[in-house]
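K.L.:
any chance you can model this:
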Amino acid sequence: MFGAFGAPLVSPDAGPIPGVPLEQPKNLFRFGEQTIWSTQFHAGAAVLASGTFRLFTTPLGQVGQGFSNALSIGETNLKEGGRVPSGVAYDVFGVSAQVESSTAATDAAGTLSNPIVAPAVVADLVNVIQNGVLSWDFTQTQVDICPVTLAGAGGGAFGAVATADTGTPVTTGHMNNGNGGIWMYRKHPVALPGNSTFAIVLRYGSRAAAVSAANSLAIRVVLLGYYKNVIEIG
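P.N.:
Below is the predicted model:
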């Protein structure tokens with residue numbers, strides 16, 4: 001039917017018109033996808049057997065987690081150690097662990113850009129992924145996640161190749177722990193409420209070897225998840 005002045009234009013079968021709230025909403029929910037990462041450094045010749053190391057405890061610009069210099073954006077994006085951003089509920093549906101190699105025995109002397117192709121460095125990589133285990137640490141409760149070998153690194157170049165050519169170019173490659181094909185919590189995310197305190201513990205079994213003396217390692221753990229926060233508008 002046709003609407004008259006002051007009357008709505010509706011179909012006879014449309015049913016009752018829903019009520020309109022008399023007040024504007026006070027807040028809105030915002031959703032998004034974001035990663036949070038943190039890195040543990042192992043100096044040259046460091047003993048790993050039966051060791052326990054806590055990640056996500058040192059924020060950006062501070063010293064910790066095995067580093068002698070302040071952590072930069074390449075090592076972490078945490079603004080506050082051990083906490084998700086204020087007011088944000090964060091659901092984790094993916095965990096990755098990337099093994100990086102340094103060109104020296106300490107982070108003060110080297111960079112985390114050493115190709116993992118030399119036998120000693122490849123041995124360090126295999127040592128970490130075969131003996132390392134990731135676990136959640138919620139203050140008083142620890143929950144095992146998976147061995148490092150199941151937390152795919154994702155991205156990067158894979159398959160170690162090196163030649164003894166003295167000419168140009170020399171063929172080189174880079175080995176790491178998979179291509180991200182396996183991610184934990186693909187079906188059942190882990191919920192981290194806003195302002196909750198957490199860490200991820202990197203533990204090694206009793207049969208882990210020490211890091212090679214000439215190089216050092218860093219293990220960067222990345223959490224992939226959704227966040228939800230409230231935007232106050234009234």
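
K.L.:
drop to CA atoms for contacts and neighbour counts, all remaining ones
P.N.:
OK.

K.L.:
for the record, mean pLDDT for stretch 88-96?
P.N.:
Across stretch 88-96, the average pLDDT comes to 87.

K.L.:
is V88 bridged to anything, and to what?
P.N.:
Beta-bridge partners for V88, by DSSP bridges, are N229.

K.L.:
ok, now which ones touch the closest residue to R220 other than its chain neighbours?
P.N.:
Nearest non-adjacent residue to R220, counting by Cα to Cα, 6 or more residues apart in numbering: T39, 4.1 Å away. By Cα atoms under 8 Å, 6 or more residues apart in numbering, the contact set of T39 is 55-56, 65, 75-76, 218-221.

K.L.:
for L48, same thing?
P.N.:
Counting by Cα under 8 Å, 6+ apart, the residues that L48 touches are 204, 208-211.

K.L.:
swap the cut-off to 10 Å and go again
P.N.:
Counting by Cα atoms under 10 Å, 6 or more residues apart in numbering, L48 makes contact with 42, 127-128, 131-132, 203-211.

K.L.:
circling back: what pLDDT does the residue nearest to R220 get?
P.N.:
pLDDT, read off for T39, is 98.

K.L.:
what helix or strand is it located in?
P.N.:
strand 27-42 (DSSP states H and E).

K.L.:
quick one: A105 is in a helix?
P.N.:
No: the assignment for A105, made by DSSP: H, G, I helix; E, B strand; the rest coil, is coil rather than a helix.

K.L.:
tally of neighbours for it?
P.N.:
21 (other Cα atoms under 10 Å).

K.L.:
same check, this time on the one 3 residues further on
P.N.:
Other residues lying near A108 total 10 when counted by other Cα under 10 Å.

K.L.:
quick check, it in a strand?
P.N.:
No: counting by three-state DSSP, A108 is not part of a strand but coil.

K.L.:
name the element Q130 belongs to?
P.N.:
helix 119-131.

K.L.:
state the distance from I36 to A153.
P.N.:
For I36, the distance to A153 equals 14 Å [Cα to Cα, to the nearest Å].

K.L.:
between those two, which one's more packed in?
P.N.:
Set I36 next to A153 and count neighbours by other Cα under 10 Å: A153 wins out with 24 against 17.
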